[in-house]
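> predicted model, plus sequence, below.
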Amino acid sequence: MTTSLGLTTVEVTQRFADGRVNKLPDRAGKSVVDIIRSNVFTRINAILAVLFTMVMITGSLINGAFGLLIIVNSGIGIIQELRAKRTLESLTLIGEEHPMVWRDGKLVELNQEDLVLDDVIQIRSGNQIVVDGVIVESDLLSIDEAMLTGESDAVRKSPGDEVLSGSYVISGVGAYRVTGVGADSYAAKLTAEASKFSLARSQLQLGINTILKYITWVLIPVGILTVYSQVTAGNSEWRSVMLQIVGALVPMVPEGLVLITSTAFALGVIRLGKRKCLVQELPAIEGLARVDIVCADKTGTLTENRLEFGHLEMLTDAVSEAECAAVIGQLVHADNDPNATIRSLIAAFEVDEPAWQVASRAPFTSANKWSGITFAGHGNWILGAPDVIAAGTEHAARAEEIGAQGLRVVMLARCANALTEGCQLEGVEPVALIVIEQKLRPDARDTLDYFAEQGVEVKVISGDNAASVGAVTRKLGVRADQVVDARYIADDDFDAVVEERRVFGRVSPGQKRDMVHALQKQGHTVAVTGDGVNDVLALKDADIGVAMGSGSSATRAVANIVLLDDRFATLPYVVSEGRRVIGNIERVANLFLTKTIYSAVMAILVIITAVPFPFQPIHVTITGWFTIGIPAFLLSLPPNNQRARRGFVRRVLYFAFPAGIIVGTSAFTTYMIASGGDFTADTMTDSTAALLALIIPSSWVLAVVARPWSWWKAILIVLPLVGYGVIFTWGFTQELFMLDSSDTSMMITAAIIGVIAAAGIEALWWIVKMILGGPVTLWRNDPLFDRS
């Protein structure tokens, strides 16, 4: 490498001063201003603000208590997103590509923000192209531009060729001069277009948006008709009309649903960040919870990344073991792009004599499974997979036997022809088998057992020898008859074999991607784990891509989730976090949507019967806080191990719609009975009775949604009821909240109607469970917080 190509310190300083520096967009996708804006200026806050202004105009301060929700919603959302932003930024800085740059004649590692125009960056296999540039040196340099052009084949690059950020190196080494930095870089444009802190592909968010759309359709016409009904009913006092309109519309707004959803995702980012798990796209949290197949690589996932040389097994007497060791040393030290196997041999084989002159070379690729060098005066030598370079021989069979013990085997051989890129081997003469030891991760077995218990199938897909892969997986409890050599899968049987078998060896990068497609065609949600450049194709096309932090920067760039500490055992925590988000949001959505439905039902009944709306805004505010809002927030926190299922909106509507009708009908029926058809007198006692008939069944909605119960959920259900008891009986609170419970007989009637409605909610819960399926456990000692 020509070190004179790099910039000097003076030149770098001048470029910083001129602004020709690689200023990157915000790593978390959102700036602080964006976070504040998106949490303050929301559709729900706008609706609440309009209604709050209407109440303030009437001068009734207590009825405007719901306005505090604007501050609470915005404040909690901002705080949690800022915490998530800090977590994302710190983890992204660790996980992103750190280019090697020539400065003052030395090769140094830099952060991407420290790059300037005309810097010279050295690249090798697995490196991501982080800024735009022009190739200045190339040694068999091949770059994958599939993410930019859709071209599946790697493109050979020569000096003068352009490279764009977003591509990555498949093989070879080289260097390129930076021509585009900051906003001019293709990478910056991609990042600006695709915010990492986004829920755009979230099925859960799409479901909630659908619910909000339905609510909006109802809210506007109901509001207009409420105004019309109150005016035509002879209520000419504008303050009273305005309060009744607000009282009808406020409970229809699911003010906490969006807040709790975004907060749950933000908390997920923070919790997983503590486990060194970088979530690059928020939908990945829920996506992994929906996964039913995990395609795991062997090396670096089930086994440790570190490989160690074991021993040599000579295959010929024509070469001594000492001569063999010398050849291996020259081969591996001359490799300008060493992979994990070569690095383990570099550590074991030192070179005492001067380096041999390299006449030509054939680089390693995942497709051919070998590499080789022609040394001037020392012959043509190959390192590669025994079952590829000596297929069908007794030596390949011997390698198979060793591999069956869970060891990795590489063959040293020589051949008759000079070695160049794309050449065919001629006159191959096996010389030795190099045995390399690989250790199982201590937590691999527990992780596989967890997925088995959760109904998630793990398929091991590796480029290594099938016997070696099978030996490793057998130690983890996978049957030997599940092992398949991918080279011999017939095209017609491909989809069926991929579906039925669990362990695959000698899988090419293209085959791995095809396996993902085959599983997806059969209705599976597929996650892929990987650490090498050969995993990129499958990671890109999987539903969820999971990269190891120590893997190539290309895999980290395309993955949805990066395990920065390389622990496969972190995945169960990601699954649990996703299930927590999905299960708990579905739970609280039932609460909010029930409230919306019963409010709409009451408003419609008021319009039809042309009677005054029974509640003041403060009445629906206290019910919304104590029966819905606060309990919903707490119910979004605990662990939830239920497997994610499709049909979120359908399941919520199956329960919430009839539940809302029951609750709304209970309150309105009580109001009509209490009033006796006379709405000219003081209606405070009538409203109090109707509120009691509303609180009892809505509290039972909370009780059934919170199942299975535990000690803290029991407190969550009972405590609001105690609070309601105080509010309904204490003179101060009755005056404060505009209540009058002095009519004992009417309160008893309201309680009876409420209990009947609660019984209807209980029956509805059992009916919905029978229709939709799912667990019906009534009690389980779940913790409020998961201390793991």
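Great, that's in hand.

> in the stretch 201-350 of the chain, which spans are strands?
Using DSSP state E, counting those that start in this stretch, the strands of the stretch 201-350 of the chain run over 277-279, 293-296, 303-314.

> which one of the ones you listed lies closest to V704?
strand 277-279 (32.6 Å; C-beta to C-beta). Where you see a C-beta, it was placed from the backbone N, CA and C, and this is true even at glycine.

> what lines up beside the closest one in the sheet?
Using DSSP bridges, the strands paired with strand 277-279 in its sheet are strand 561-563 (antiparallel).

> I436 - that's part of a strand, no?
Yes - under DSSP: H, G, I helix; E, B strand; the rest coil, I436 sits within a strand.

> turn the strands of the stretch 201-350 of the chain into JSON lines, columns for mean pLDDT.
Shown next, in JSON lines, are the strands of the stretch 201-350 of the chain (pLDDT from 0 to 100):
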{"stretch": "strand 277-279", "mean pLDDT": "82"}
{"stretch": "strand 293-296", "mean pLDDT": "92"}
{"stretch": "strand 303-314", "mean pLDDT": "86"}
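
> got the phi and psi for H98?
The phi/psi pair for H98 (degrees, to the nearest 10) reads phi -110, psi 100.

> so which of the strands of the stretch 201-350 of the chain comes closest to V155?
Of all those, strand 293-296 sits nearest to V155, with 27.0 Å by C-beta to C-beta.

> what lies in contact with that closest one?
302, 451, 456-461, 512, 515-516, 519, 524-529, 538, 542, 568, 571 (C-beta atoms under 8 Å, 6 or more residues apart in numbering).

> alpha carbons of that strand, as PDB, please.
Taking C-alpha atoms only, strand 293-296 is exported to PDB below (Å, rounded to 0.1, in the frame of the first residue of the first chain):
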ATOM      1  CA  ILE A 293     -38.000 -19.500  12.700                       C
ATOM      2  CA  VAL A 294     -34.500 -18.400  13.600                       C
ATOM      3  CA  CYS A 295     -31.800 -19.200  11.000                       C
ATOM      4  CA  ALA A 296     -28.500 -19.200  13.000                       C
END
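
> partners of it, with directions?
If you go by DSSP bridges, strand 293-296 pairs up with strand 457-461 (parallel), strand 526-530 (parallel).

> and among those, the most buried is which?
Most buried of the strands paired with strand 293-296, by mean neighbour count (mean count of other C-beta atoms under 10 Å): strand 526-530, with a mean of 29.

> now do the helix or strand A413 falls within: distance to the chain's middle.
Element membership for A413 (DSSP states H and E) is strand 408-415. Relative to its chain's centre, strand 408-415 lies at 41 Å (C-alpha atoms, centre = their mean, to the nearest Å).

> and what of stretch 6-16?
Averaged C-alpha coordinates place stretch 6-16 at 40 Å from its chain's average position (C-alpha atoms, centre = their mean).

> return the set of buried residues in it.
Using 16 or more other C-beta atoms under 10 Å as the test for burial, stretch 6-16 gives 6-7, 11-12, 15.

> by mean pLDDT, which helix or strand of this protein comes out lowest?
Scoring the helices and strands of the chain by mean pLDDT, DSSP states H and E places helix 186-193 at the bottom, with a mean of 51.

> re earlier: out of the buried residues of stretch 6-16, who's nearest E308?
With C-beta to C-beta as the yardstick, the closest approach to E308 among the buried residues of stretch 6-16 comes from G6, at 35.7 Å.

> what is the neighbour count of the residue lying closest to V472 once chain neighbours are set aside?
Ranked by C-beta to C-beta, 6 or more residues apart in numbering and with sequence neighbours excluded, the top spatial neighbour of V472 is G406, at 4.9 Å. G406: 21 surrounding residues under other C-beta atoms under 10 Å.

> sorry, back to before: closest to V718 out of the strands of the stretch 201-350 of the chain?
The minimum distance between V718 and these falls on strand 277-279, with 36.8 Å, by C-beta to C-beta.

> re earlier: mind putting the buried residues of stretch 6-16 in TSV, pLDDT, distance to V241 and secondary structure included?
Output for those, formatted as TSV (pLDDT from 0 to 100; distance: C-beta to C-beta, whole Å; DSSP: H, G, I helix; E, B strand; the rest coil):
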residue	pLDDT	distance to V241	secondary structure
G6	85	77	coil
L7	90	74	strand
E11	91	74	helix
V12	92	71	helix
R15	90	68	helix
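
> just checking, L407 touches S468?
Yes - contact criterion C-beta atoms under 8 Å: L407 and S468 qualify, at 6.6 Å.

> those two: which is more packed in?
With neighbours defined as other C-beta under 10 Å, L407 and S468 compare such that S468 has more, 27 against 21.
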